[in-house]
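> here are the coordinates; sequence isn't available:
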């Protein structure tokens, strides 16, 4: 019996895709849970970081080896490894009583999202199946149109009357967008206004983003389409600012989620529509993306990414790339890698045209506001990576560095830029469309101020690419291109990797050692137990650097009933920092969030008294200056000895 090698590889590819989808679903669920409880145990952070890097290796391996023989064995091994690490992570999480309640709460949210989005998406996919493949030639389009109408009607019925699940809450991004829109209505430059006072006085409603200078980010730091996408909803809503923001946010969520579902269903290739094996897990990943989003703009980002990869091989790709780049900086990384892929697969000249065209579209959309004040515009666009935002150590690389080999904030910034360069190099050398997504995930893992939604963007993008693939792949075209424009030899490829790793290592060492962290900051912390009645704990802080510093201290704690709270401190005695207060409006006078500025002399130690609220289960602290940041090892109350 002769076995067709092509059919065998095809079967392996489909099975490998199923394994990868399973691993992706597990990872997204674990990160969703972890992102709400990132600091429950000393070991958990490192375990999750290792798990994330294992998944990253799985994603890159999937991108490179998916069409190769024995990929199923690789997928099975990688899936088993990630599942074991996930189980270890969950075992650590389950040691905290609150986690059980949290899992139930998250399961309810995920269940509601699936109850609404899955039937809607499935019916929409079948609608486009009839329209595009026309299995019943005479009636196909009519049946498809009816199914799409049913999907839309079912979606809005479930949203408005069935589950009442209307969308995400308004956050500081939404508030910034609204007040930027109001500034544009008044003929003002939206990048020249500040709304710190609005965010300070509504901190419990909208939240805030804190900087290492103890200030609130109260200015627009996104391209102008971030605002204009919601402008119609702001224009139509009426009432107070808070009611307009809420109404516009809810309406926009419903409209853009429905558009995202329809875009996803419409972009699926005919071959995939006829072969449903990958569609079900792709839909699962697609829905998990929406469970993790923070604002309406993430819905629009999904639509933009679908459009980018639907058009990536077409002449008008530069238009879509420019529009997507005008929506959010988070998209700049996959857009850059998409342009690099075009240059690698279609030639450098084609890539240069796509790049120039995308920049031209971006300037057309944003040019007026750039010319209004170039300095403000550029500085605001770079704000998410300029080394001044307090880190969210969900990202694996900064998290591990801060735990074991801390570096300065600007060191983290340079590391992120190097990761982008490495990602672009890999995409160009490999000429693999899948790597646009997996190397975007790689870059986000190096970003120090990151969120679970950033990871979800890259993972979902991988599945967008998979379901949009057709039989007419780029393999033959790339092979032909290689004959006329060969990639440098194997030694030069290795040289790229070696140079990138050396540059990364050099930045890390310099940012830690003589010229930066250890030389100037050198903070270390020890927990010295808590009071006999459990009302406070003692924290030892040492300044091992060579400079006197005025450093800020924050305590972040979790209780059995509240997920996470931030407390500010005030200095009352030379020996102790006491008088803990919840960090709300009282901590935000004069645009400052945190008043506990401690003067740290070089080579000296200090004791800090941390008051413990009722039912506290875990805590950590953050110590920082403008350029340096230290993440105290998280500790559970049970691990503190009574003294």
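Yes, it's here. This one's a predicted model, so the numbers in the text were calculated from it and none came from an experiment. Residues are numbered from 1 along each chain as shown.

> could you identify the longest helix within the protein?
If each helix of the chain is counted by residues according to DSSP state H, the longest one is helix 97-133.

> buried residues, that helix. List them.
By neighbour count on 16 or more other Cβ atoms under 10 Å, the buried set for helix 97-133 is 98-99, 102-103, 106, 110, 112-114, 116-117, 120-132. C-betas here are computed from N, CA, C, even on glycine.

> tell me what it is packed against?
The helices and strands touching helix 97-133, judged by 3 or more Cβ pairs under 8 Å, 6 or more residues apart in numbering; DSSP states H and E, are helix 5-36, helix 140-157, helix 241-267, helix 270-274, helix 279-291.

> neighbours around residue 19, how many?
Counted with other Cβ atoms under 10 Å, residues neighbouring residue 19 total 22.

> which one is it nearest to, not counting chain neighbours?
Nearest non-adjacent residue to residue 19, counting by Cβ to Cβ, 6 or more residues apart in numbering: residue 75, 3.7 Å away.

> may I ask which helix or strand encompasses that neighbour?
According to DSSP states H and E, residue 75 maps onto helix 71-94.

> tell me which other helices or strands that helix touches.
Helix 71-94 packs on helix 5-36, helix 44-65, going by 3+ Cβ pairs under 8 Å, 6+ apart.

> which of those helices sits most buried?
Ranked by mean neighbour count, the helices and strands packed on helix 71-94 are led by helix 44-65 with a mean of 21 (mean count of other Cβ atoms under 10 Å).

> contacting residues for the nearest residue to residue 458 once chain neighbours are set aside?
Spatially, and ignoring its direct neighbours in sequence, residue 458 is nearest to residue 441 (3.7 Å; Cβ to Cβ, 6+ apart). Taking Cβ atoms under 8 Å, 6 or more residues apart in numbering as the contact definition, residue 441 lies against 56, 59, 455, 458-459.

> closest to residue 88 among the residues you listed?
Ranked by distance to residue 88 (Cβ to Cβ), those are led by residue 56 at 17.4 Å.

> for the closest one, give its distance to residue 445.
6 Å (Cβ to Cβ, to the nearest Å).

> circling back: run a quick neighbour tally on the residue nearest to residue 19.
Neighbour tally, residue 75, other Cβ under 10 Å: 24.

> for the closest residue to residue 22 other than its chain neighbours, give me its contacts.
Closest residue to residue 22 apart from its sequence neighbours, by Cβ to Cβ, 6+ apart: residue 79 at 6.2 Å. The neighbours of residue 79, taking Cβ under 8 Å, 6+ apart as the test, are 19-20, 22-23, 58.

> if we go to 7 Å?
Going by Cβ atoms under 7 Å, 6 or more residues apart in numbering, residue 79 touches 19, 22-23.

> next one: residue 322
Residue 322 sits in contact with 357-358, 360-362, where contact means Cβ under 7 Å, 6+ apart.

> next step: those residues restricted to helices.
With DSSP H as the criterion, helices contain 357-358, 360-362 from among these.

> what's the farthest-apart pair in these?
Greatest spacing in the ones in helices among the contacts of residue 322, by Cβ to Cβ: 357 and 362 (9.7 Å).

> if you count what's nearby, which of these two comes out ahead?
Taking other Cβ under 10 Å, residue 357 and residue 362 do not tie; residue 362 has more neighbours (22 against 18).

> that one against residue 326, yeah?
Yes: between residue 362 and residue 326 a contact is recorded at 5.4 Å, counting by Cβ atoms under 7 Å.

> excluding chain neighbours, give the residue nearest to the residue nearest the centre of the chain in space.
Centroid-nearest residue in the chain: residue 454, 1.5 Å away (criterion: Cα atoms, centre = their mean). Closest residue to residue 454 apart from its sequence neighbours, by Cβ to Cβ, 6+ apart: residue 444 at 4.6 Å.

> contacts only, for that neighbour.
So residue 444 contacts 395, 450, 454-455, 458 (Cβ under 7 Å, 6+ apart).

> okay, it: pLDDT?
Turning to residue 444, the model gives it a pLDDT of 93.

> again with residue 460
At residue 460, pLDDT is 91.

> so how far is residue 600 from residue 619?
Taken as Cβ to Cβ, the span from residue 619 to residue 600 is 21 Å.

> repeat for residue 129
Distance of residue 129 to residue 600, given as Cβ to Cβ: 65 Å.

> need the ones in helices among the contacts of residue 322 in CSV with distance to residue 408, can you?
CSV is the format used below for the ones in helices among the contacts of residue 322 (distance: Cβ to Cβ, whole Å):
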residue, distance to residue 408
357, 38
358, 33
360, 37
361, 36
362, 31
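
> ok, so of those, who is nearest residue 340?
Closest approach between the ones in helices among the contacts of residue 322 and residue 340, by Cβ to Cβ: residue 358, at 12.2 Å.

> can you pull the contacts of residue 154?
119-120, 123.

> again, only using 6 Å
residue 120 (Cβ atoms under 6 Å, 6 or more residues apart in numbering).

> quick check, pLDDT for it.
The confidence metric pLDDT takes the value 89 at residue 154.

> and it, how far from residue 435?
According to Cβ to Cβ, residue 154 stands 37 Å off from residue 435.

> ok, back up a step: okay if I get the contacts of residue 444 as JSON lines plus secondary structure?
What follows is the contacts of residue 444, written out as JSON lines (DSSP: H, G, I helix; E, B strand; the rest coil):
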{"residue": "395", "secondary structure": "coil"}
{"residue": "450", "secondary structure": "coil"}
{"residue": "454", "secondary structure": "helix"}
{"residue": "455", "secondary structure": "helix"}
{"residue": "458", "secondary structure": "helix"}
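
> does residue 500 touch residue 420 like I think?
No: Residue 500 is beyond contact range of residue 420, at 10.7 Å (criterion: Cβ atoms under 6 Å).

> so the two - more neighbours on which side?
Legend: neighbour count by other Cβ under 10 Å for residue 500 and residue 420, higher for residue 420 (20 against 17).

> against residue 392, how distant is the more buried one?
Distance, residue 420 to residue 392, using Cβ to Cβ: 19 Å.

> same question, residue 436
Using Cβ to Cβ, residue 436 is found at 24 Å from residue 392.
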